[in-house]
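> Show me the folded form of this:
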Amino acid sequence: MALETLPWDIADSLDTPERIALSIEAVLEDGDPALIAAAIGDVARAKGMSQVAQKAGLSREAMHRALSEDGNPRLTTLMAVLKALGLRLTVTPANRTA
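The predicted structure follows:
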């Protein structure tokens, strides 16, 4: 009998503020801008793309395009979307080994 697999969407797992924060923190550590934008897009999908876009003052299409893996959002777009999601960007010192 063949193994049946089901599609998995991370947006289904982003159901608490803690999970959302951990997801975005993980991609921030990786540092790939495309992954960061896509991760924020995943959170926006989990929360409702249209509702988040409206709160951010963006069209749904523009936000979707900017936060796709091929998108290249402006910092103002990222900050507006993070604020609409109830999130904020913080910076901490990287571990230093001297």
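
> Can you give me the neighbour number for residue 54?
Residue 54 is flanked by 14 other residues according to other Cβ atoms under 10 Å. In this view, the C-beta of every residue, glycine as well, is placed from N, C-alpha and C.

> Secondary structure element for it, which one?
Element membership for residue 54, per DSSP states H and E: helix 49-56.

> In terms of secondary structure, what does that helix contact?
helix 60-66, helix 75-84 (3 or more Cβ pairs under 8 Å, 6 or more residues apart in numbering; DSSP states H and E).

> Which parts of the shortest one count as buried, going by neighbours?
Just to be clear, that refers to helix 60-66. For helix 60-66, burial by neighbour count (16 or more other Cβ atoms under 10 Å) applies to 63-64, 66.

> again with stretch 34-49
By neighbour count on 16+ other Cβ under 10 Å, the buried set for stretch 34-49 is 36-47, 49.

> Between the buried residues of helix 60-66, which sits nearest residue 16?
residue 63 (22.5 Å; Cβ to Cβ).

> Quick check: the gap between the closest one and residue 54.
Residue 63 is 10 Å from residue 54, where distance means Cβ to Cβ, to the nearest Å.

> Could you give the number of residues near residue 94?
Neighbour count of residue 94, defined by other Cβ under 10 Å: 7.

> Can you name the helix or strand that it falls in?
Residue 94 belongs to no helix or strand, assigned by DSSP H and E.

> For residue 29, see how far away it is.
10 Å.

> again with residue 93
Taking Cβ to Cβ, one finds residue 93 at 14 Å from residue 29.

> Looking at those two now, which is surrounded by more residues?
Taking other Cβ under 10 Å, residue 93 and residue 29 do not tie; residue 29 has more neighbours (8 against 5).

> Please give me every residue in contact with the residue nearest to the spatial centre of the chain.
Geometric centre of the chain, nearest residue: residue 40, 1.1 Å, by Cα atoms, centre = their mean. Going by Cβ atoms under 8 Å, 6 or more residues apart in numbering, residue 40 touches 24, 67, 78, 81-82, 85.

> Cool, thanks, talk later.
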